[in-house]
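1. predicted model follows, preceded by the sequence.
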Amino acid sequence: MKPYVILCAAETIDGKIASKTGFSKFSCLQDLKRLHILRANVDAVLVGANTIINDNPLLTVRLIDGRNPIRIVIDELLRIPLNANVIIDRSAKTIVVTSNKALKEKISKIRSMDVEVLIMGESINLKNLMEKLYENGIRKILLEGGGILNWYMLYHKLVDELHITITPYILGGDNAISLVRGEGFSNLDDCIKAKLIDYKICSCGGEIVLIYKVMY
């Protein structure tokens, strides 16, 4: 068994979730509120190390009244800084998932800061991680990952639903970050399919939210 996983992201018309310089604040206030509503209704928020390093998010519920989810960070080499918001902020629990490759001194330091560190062996097996999280009572996860984590979660058939906000911008750029990166598929026979189950035009007038069920 695994948690139900919702991948949530805001992207430009040309499918970028961050510019070539890493800028990623595309959403209007209404869309940010939708994100915070989603956060308040899941057990945990899942991100990768690059999201913490580049954006330093709090990953908490602030724009509405609601409870904070557990923050889970995938960081195989334990690269996130000790002063990251998810480490020093005490308003929500944080679990850092890493491997035996991480420095033991840094593991001990993070644990001393009241942050749980989960070591998954020589590498992080996402399927095993999802099963472990489910066994520990986590039933619903909001995936706010970057392109690499999104790819691996989709590739391993761990994402159930997509909430994609299309924002009215075109960034371009070979080095801009796409919603899904990684190795990719060769054709439509191999690729992951999704079924559109709902859509919402934002009250700001410039964004549309597309909701898909992922079909494996």
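-> Structure's in. What do you need?
2. got the buried residues for the longest helix seen in the chain?
-> In the chain, with assignment by DSSP state H, the single longest helix is helix 29-40. Within helix 29-40, the residues that count as buried by 16 or more other CB atoms under 10 Å are Gln30, Asp31, Leu32, Arg34, Leu35, His36, Leu38, Arg39, Ala40. The C-beta positions use only the backbone N, C-alpha and C, and glycine is treated the same way.
3. pLDDT value on the third one, please?
-> What the model reports for Leu32 is a pLDDT of 96.
4. excluding chain neighbours, what is closest to it?
-> Distances taken as CB to CB, 6 or more residues apart in numbering place Leu63 nearest to Leu32, at 5.9 Å, with adjacent residues excluded.
5. that neighbour and Glu207, how far apart?
-> 16 Å (CB to CB, to the nearest Å).
6. pick out whichever of those two has more residues nearby.
-> Glu207 (20 against 16; other CB atoms under 10 Å).
7. wait, that one sits on Arg34?
-> No - under the criterion of CB atoms under 8 Å, Glu207 is not in contact with Arg34, lying 9.8 Å apart.
8. what's the overlap in contacts for these two?
-> Thr165 (CB atoms under 8 Å, 6 or more residues apart in numbering).
9. ranges for the helices of this structure?
-> Using DSSP H, helices in the chain cover 29-40, 49-55, 85-88, 104-112, 126-135, 147-155.
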